[in-house]
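Enquirer: Attaching a predicted model along with its sequence, questions to come.
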Protein chains: 2
Amino acid sequence: MLHEEVVGRIRAILLDGEIPPGARIPERELCDRLQISRTPLREALKVLAAEGLVQLLPHRGSRAAKLTDKDMRDLFEVCQGLEALAGELACERINDAEIGEIAAAHADMVQRYREGDLIQYYRGNRAIHEAIVAAAGNPALTGLYASVTARIRRARYVTPMTPQRWAFAVKEHEAILNALQRRDGAGLSHILRAHLRHKREEVLQAGFAETEASDLALRIA
Amino acid sequence: MLHEEVVGRIRAILLDGEIPPGARIPERELCDRLQISRTPLREALKVLAAEGLVQLLPHRGSRAAKLTDKDMRDLFEVCQGLEALAGELACERINDAEIGEIAAAHADMVQRYREGDLIQYYRGNRAIHEAIVAAAGNPALTGLYASVTARIRRARYVTPMTPQRWAFAVKEHEAILNALQRRDGAGLSHILRAHLRHKREEVLQAGFAETEASDLALRIA
DNA sequence: ATCCCAAATTTTGCATTCAAAAATGTAAAA
DNA sequence: TTTTACATTTTTGAATGCAAAATTTGGGAT
């Protein structure tokens, strides 16, 4: 079993919320499940801790990272900065084919919106944001963006939306595509920031501070 | 020996260039030197690989990461974005005491410039940039900035300078301090970008693409 | 019944060990 | 002499073992 695969699988488990934020990560169980010994598992946990997805407590094991409102705000801020930068760079470097792909993804997303399919809408939404970042042609940026977005993904793409906000978000996306097609870097950067700022406000207002595992258990019960 | 300490010490060894970019990392030797076994060492190497300082080659060991011109350009771009963001946030949040500290650091740096002490000038320079980022009050940003700057530090703070460029850089820093004192976020952001773009041009023009370890050995020989 | 402290158990962190893969060295053939 | 095939050594990646730390459990005192 390859090292990267172990990291990827545990990351997936954490992002799926299978181990909820704040919950203890059961080493032994994961070892059994992934059919590996503790050595590669612990290496993976250290890597994920460096990424911010796991919290290591000396002599007390590891927990799925739990984000406070402040953490969430901070990460959204950074994400804004990264997307704004990506937008500017993308406008300088993107070619017509890539714009075509993004336009297609946009059309698909709008269709999902019309169908009222929030899950698929979010999926398309995310694909567009990732495509813009990819179009910046900067792997270092892409990597950092991936790491930051992974941490706020659940908040960003799981929050319920009001019809008004959803409609507004779609409008913003029209503007995003438009700016991209006009290669208006400054404009795109500006819209992306606003877009993400609105998303952040939604998320924080929805009280998406990640709850303790115990709280979560209580809620479910 | 604490896990973080091992990571920190190896990081220092890499940043000092004691193991030059591209060179193989001698596991056994480092184990002896740090008085640890391979298990914690390998955990640390995996973490540093996630940070981008180490390159892992399956079944072929690890090497100190070697940056191409493109890598360097990309990282400088990201660094620009992060500093620009930090500048804007800092202007919103910084208090007079913090500005005073940065002003003092600036004065000290200018003094070093007058003395012609490049090493100390760079040290002060770095302290100012880090203080601005810290003033943004965003730990997520601070962490990302640290990780990105670590990778380009050698290029950024080791490149020799012409008197003209040095003088110009000092001028830019005057403008940086000025914008900060006026809490002009947009202005500061703009200046920081330009400042870093100039630095990047210097670095890339100086041909600071990191050389193979073998090349380095040949050069020395 | 509750609280507190000590013993037992579990869990963590690291060293050691083991198997597999790669690198190296050697010898034979072209 | 050069090249190639093979055996040996080294190094890597992962499992296991062991000591220390933390958590849990049980018993006794209040």
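Expert: Cool, got the structure.

Enquirer: quick one: what helix or strand has residue A:81 in it?
Expert: helix A:69-93 (DSSP states H and E).

Enquirer: Stretch A:129-140 near chain B anywhere?
Expert: Yes - Stretch A:129-140 comes into contact with chain B (C-beta under 8 Å from any C-beta of the partner chain), by way of A:138-140. Placement of C-beta: from N, CA and C, glycine included.

Enquirer: quick one: residue A:38 from residue A:62, how far?
Expert: Distance, residue A:38 to residue A:62, by C-beta to C-beta, to the nearest Å: 12 Å.

Enquirer: out of the two, which sits in the busier spot?
Expert: Taking other C-beta atoms under 10 Å in any protein chain shown, residue A:38 and residue A:62 do not tie; residue A:62 has more neighbours (20 against 12).

Enquirer: would that one count as being in a helix?
Expert: No - Residue A:62: not assigned to a helix; according to DSSP: H, G, I helix; E, B strand; the rest coil it is strand.

Enquirer: hey, what's in contact with both of residue A:38 and residue A:62?
Expert: Contact criterion C-beta atoms under 8 Å, 6 or more residues apart in numbering or on different chains; residues shared by residue A:38 and residue A:62: residue A:27.

Enquirer: How far off centre is the helix holding residue A:81?
Expert: Centroid separation between helix A:69-93 and its chain, computed with C-alpha atoms, centre = their mean, to the nearest Å, is 12 Å.

Enquirer: Ranking by neighbours, what's the top pick from the residues of stretch A:129-140 next to chain B?
Expert: residue A:138 (25 neighbours).

Enquirer: Which residue, other than its chain neighbours, is closest to it?
Expert: residue B:74 (4.5 Å; C-beta to C-beta, 6 or more residues apart in numbering or on different chains).

Enquirer: Was I right to think the one you found contacts residue A:140?
Expert: Yes - under the criterion of C-beta atoms under 8 Å, residue B:74 is in contact with residue A:140, at a separation of 4.2 Å.

Enquirer: how far is stretch A:8-15 from where the chain is centred?
Expert: 13 Å.

Enquirer: actually stretch A:178-189, sorry about that
Expert: The answer for stretch A:178-189 is 23 Å, by C-alpha atoms, centre = their mean.

Enquirer: which parts of it are buried?
Expert: A:179-181, A:184-185, A:187-189 (16 or more other C-beta atoms under 10 Å in any protein chain shown).

Enquirer: got a list of what residue A:185 touches?
Expert: Counting by C-beta under 8 Å, 6+ apart, residue A:185 has contacts A:87-92.

Enquirer: What is the nearest of these to residue B:6?
Expert: residue A:89 (36.2 Å; C-beta to C-beta).

Enquirer: any idea of the pLDDT on the closest one?
Expert: In this prediction, residue A:89 carries a pLDDT score of 98.

Enquirer: so how many other residues sit close to the spatially closest residue to it that is not a sequence neighbour?
Expert: Distance criterion C-beta to C-beta, 6+ apart; nearest residue to residue A:89, sequence neighbours excluded, is residue A:136 at 3.8 Å. Counted by other C-beta under 10 Å, the residues lying close to residue A:136 total 27.

Enquirer: Quick check, residue A:136 in contact with residue A:83.
Expert: No - the pair residue A:136 and residue A:83 fails to qualify as a contact (C-beta under 8 Å) at a distance of 9.6 Å.

Enquirer: residue contacts, the residue lying closest to residue A:109 once chain neighbours are set aside?
Expert: For residue A:109, ignoring the flanking residues on the chain, the nearest one in space by C-beta to C-beta, 6+ apart is residue A:124 at 3.4 Å. By C-beta under 8 Å, 6+ apart, residue A:124 lies in contact with A:105-106, A:108-109, A:112.

Enquirer: With neighbour count added, can I get those residues in TSV?
Expert: Converted to TSV, the contacts of residue A:124 look like this (neighbours: other C-beta atoms under 10 Å in any protein chain shown):
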residue	neighbour count
A:105	19
A:106	22
A:108	16
A:109	23
A:112	19
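
Enquirer: quick one: which of these is nearest to residue B:68?
Expert: residue A:105 (30.7 Å).

Enquirer: correct me, but the closest one touches residue A:126?
Expert: No - contact between residue A:105 and residue A:126 fails when scored by C-beta under 8 Å: they sit 9.9 Å apart.
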